[in-house]
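Novice: sequence first, predicted coordinates after that:
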Amino acid sequence: MPPTFRIDDRRFKDLVLYVSARLQDDPSFGETKLNKALFFSDSEAFRLLGEPITGAEYRRNHHGPTARLYPIMRRQMQNDGEIQLEQADRGEYVQTTVRPLTDPVTEFPPEQTEIIDAVVDALRNRSNSEVSDDSHKYAAGWRAMRQGEPIPWSSAIIDPRPLPVTHLNVLRERLGLAA
């Protein structure tokens, strides 16, 4: 039976706050990059530690994996004054950016923080298109599922290719895991 996890709403919201705060200075930061950072953080945590950070269910979306409850959580966070959404014209499209208004409540354990930071560093200063393309190439579950279907956690282990960045290899070494 494939592993299933129950989403921890607070941890999910705190991951949104943490990643958004870390990427505020990235000119290409928007919701596309945020969603991929959430997915890669949870997937790498599952691959390296045996369980995701948030337990969120990710689904295949045209632009890559997205958390099923992201729109609901985003609305709750807006209503609770935790985030603000800003929109900016970026040529042919409008980019929506999440601005954190509060600090995360959760203190992530060091091994999870290292994973999140490695993912953020890997995505920093890369365009939303590049990040979206990475999620198509390196997410085996995204490739295997149809539009709207949930991506199984086990697919994080099936795909032997890590996110193509040195940061994650360094992280694996620090955690004593083979690359």
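Specialist: Alright, I've got the coordinates. None of these values were measured; they are calculated from a predicted model. Residues are numbered from 1 along each chain as shown.
Novice: tell me which element Phe29 is part of?
Specialist: Using DSSP states H and E, Phe29 falls within no helix or strand.
Novice: OK, contacts around it?
Specialist: 20, 23, 97 (C-beta atoms under 8 Å, 6 or more residues apart in numbering). C-beta: built from backbone N, CA, C; applies to glycine.
Novice: which parts of the chain are helices?
Specialist: Listed in chain order, the helices of the chain (DSSP state H) span 9-22, 31-49, 70-79, 110-123, 128-138, 140-144, 155-158, 166-174.
Novice: hmm, back to that, neighbour-wise, give me the winner out of the contacts of Phe29.
Specialist: Ser20 (23 neighbours; other C-beta atoms under 10 Å).
Novice: touching, it and Leu101? I think so.
Specialist: No - counting by C-beta atoms under 8 Å, Ser20 does not reach Leu101; the two are 9.9 Å apart.
Novice: quick check: neighbours shared by the two?
Specialist: Shared contacts of Ser20 and Leu101, counting by C-beta under 8 Å, 6+ apart, come down to Ile83.
Novice: residue contacts, the residue positioned nearest the centre of the chain?
Specialist: By C-alpha atoms, centre = their mean, the chain has its centre lying nearest to Leu38, at 1.4 Å. Shown in contact with Leu38 (C-beta under 8 Å, 6+ apart): 12, 15-16, 19, 54, 56, 67, 70.
Novice: from Glu111, how far out is it?
Specialist: 17 Å (C-beta to C-beta, to the nearest Å).
Novice: where does the prediction get shaky in the protein?
Specialist: 1-2, 136-145, 156-172, 174, 177-179 (pLDDT under 70).
Novice: let's see 80
Specialist: Low-confidence segments of the chain, defined by pLDDT under 80: 1-4, 62-63, 90-91, 93, 132-148, 150-179.
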